[in-house]
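S.K.: here is a sequence with its predicted model. Questions after.
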Amino acid sequence: MEKIKSHFVFNRSQRNGILLLVFFISGYLVLNYYVDFSKENLLDIKSKEVIAIQKELDSLRTIEVASKMPKVFPFNPNFLTDFKGYALGMSTEEIDRLLAFRKENKWINSVKDFKKVTKVSDSLLNKISPYFKFPDWVTNSKSKNKYVKREFKEKTFKQKIDLNLATQGQLEGLNGIGKTFSKRIIDYRNKLGGFTNDIQLYEVYGLDFQATNSILKEFTVKTPKEIIKMALNSISASDIATVPSISFDIAKRIWEYRILNEGIKSFSELDNIEGLTKRKLQGIQLYLKLE
């Protein structure tokens, strides 16, 4: 009994400790009884102040997202690429419709034409159409009307002006050509070192089929630049890519076709090369030969 009793005998220090523990327990119970510690949202998210701050944060996020978007510059929709169309928000089907239309040597001359060909939604059209930039003869209705109404009677070879000697002023005098296209023709002629054949005029950027035909009724190549033709069956893809208007991708496809078929016997074999239009195929024959 003494051993059992000894366990309930405490010295002064132990009694003080027990008393302090009882004090803390009692205080906790009282505090817990009178104070509600349940979790609650101390911030009223429906208050006017919080809603105003939230709107400001949303506005800042919108500005930040817009700043990271690629800047859109004016462009001619006739030369829209896959990447450009995707960046503008067009679907692959809409882009493919435009590329198929252009592959037929047809042209988009208005926002209405773009809508009809691509079938894009009105919301997307309203977003991107302000950036469309068409050639002068399309946007200038006065010039366009003159161009449509006036019929050019083709001159004889002797009567025509040499395209390699024509001045910008002479070209500009044709209705529907204007300063922009006349300058591009001269610049492209200088880049080539002179035209070799009338067909090269079709390679001038933005100059459509009808305008080119009108020019060739008044002008023609009389002093052609001499070209040393390269043998198509023995040159590299890089050599093929030196031909004007032929990109390296098209050149590589021609080269791969040649390797797979162990040579090219006729230029007509290249009709199905992707990206190689009939005009381009005619053009490369000025620079390449088959042996």
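M.R.: It's in.

S.K.: remind me which residues of the chain are low pLDDT?
M.R.: Low-confidence segments of the chain (pLDDT under 70): 1-10, 34-45, 62-72, 135-154.

S.K.: quick check: longest helix of it.
M.R.: When the chain is parsed with DSSP state H, its longest helix is helix 12-34.

S.K.: measure the spatially most central residue of the chain to residue 249 for me?
M.R.: By CA atoms, centre = their mean, the chain has its centre lying nearest to residue 84, at 1.3 Å. Going from residue 84 to residue 249 by CB to CB, to the nearest Å gives 16 Å. The C-beta positions use only the backbone N, C-alpha and C, and glycine is treated the same way.

S.K.: is it correct that residue 206 is in contact with residue 75?
M.R.: No - between residue 206 and residue 75 there is no contact under CB atoms under 8 Å: 11.5 Å.

S.K.: which of these two has more neighbours?
M.R.: More neighbours surround residue 206 than the other of residue 206 and residue 75, with 18 against 15 (other CB atoms under 10 Å).

S.K.: can you classify the more buried one as helix, strand or coil?
M.R.: coil (DSSP: H, G, I helix; E, B strand; the rest coil).

S.K.: show me what contacts it?
M.R.: Residues near residue 206 by CB atoms under 8 Å, 6 or more residues apart in numbering: 76, 78, 135, 180-181, 184.

S.K.: a markdown table please, covering those residues and showing secondary structure, neighbour count and distance to residue 123.
M.R.: Converted to a markdown table, the contacts of residue 206 look like this (DSSP: H, G, I helix; E, B strand; the rest coil; neighbours: other CB atoms under 10 Å; distance: CB to CB, whole Å):
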| residue | secondary structure | neighbour count | distance to residue 123 |
| --- | --- | --- | --- |
| 76 | coil | 15 | 22 |
| 78 | helix | 19 | 22 |
| 135 | coil | 24 | 27 |
| 180 | helix | 14 | 32 |
| 181 | helix | 25 | 34 |
| 184 | helix | 18 | 35 |
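
S.K.: alright, I will stop here.
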